[in-house]
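In: next one to model:
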Amino acid sequence: MRTFLVVIMEERFNRIKRMQRELAYELQSFMADLFTNAADPAVIIGFAQRLGMDISAAERVMASPQPAFDPYRILGCDRSMPQEQVRRRYLDLLRKVHPDTAGIKGTEYLTQLVTEAFKKVSKERGW
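Out: A predicted model of the protein is given here:
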């Protein structure tokens, strides 16, 4: 028979674990938003202008074409690969970069990148 104290301790422990998961999710969302905006050249140039920095060189860089998001390159696939091979390649990459299976923390961005690449290929091919 469990005592009242053990029950109270288990409830507090579960509440703390739940709060920890919620905080981790909020932090991950905040960091994703931060890095998304931080990588936007227009945001960076606007920030530099507000600081009074000379941005003439940055404007030349902005005028040059930016490399496009190539999902086939990210997945390491050829455009002529059949659906099953592309899917298998996606799952292999996902296993390698997912934080739970890779054994390396901080690979969430790579997981999102691989997933977005697969979504784009799937949408393009109508899967």
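In: continuing past the least confident helix or strand in the chain by mean pLDDT, what's the next helix or strand?
Out: When each helix and strand of the chain is scored by mean pLDDT, DSSP states H and E, helix 56-63 comes last, with a mean of 59. Remark: after helix 56-63, the chain's next helix or strand is helix 71-75, criterion DSSP states H and E.
In: which helices and strands sit right next to that following helix?
Out: Using 3 or more CB pairs under 8 Å, 6 or more residues apart in numbering; DSSP states H and E, the elements in contact with helix 71-75 are helix 83-97, helix 108-125. C-beta: built from backbone N, CA, C; applies to glycine.
In: and that helix, what's its mean pLDDT?
Out: Helix 71-75 carries an average pLDDT of 85.
In: which parts of it are buried?
Out: 71, 72, 74, 75 (16 or more other CB atoms under 10 Å).
In: now do stretch 81-89
Out: For stretch 81-89, by 16+ other CB under 10 Å, it's 81, 86, 87, 89.
In: return the residues in contact with the second one.
Out: Put plainly, it is residue 86. In this structure, residue 86 makes contact with 75, 77, 118, 121, judged by CB atoms under 8 Å, 6 or more residues apart in numbering.
In: which of the residues you listed sit farthest apart?
Out: Farthest pair in the contacts of residue 86 (CB to CB) is 77 and 118. Separation: 9.6 Å.
In: returning to that earlier point: among the helices and strands packed on helix 71-75, which comes closest to residue 15?
Out: Minimum separation from residue 15 across those (CB to CB) falls at helix 108-125, 25.6 Å.
In: angle of the closest one against helix 83-97?
Out: Here the directions of helix 108-125 and helix 83-97 differ by 170 degrees (axes from the mean of the first three to the mean of the last three CA atoms, to 10 degrees).
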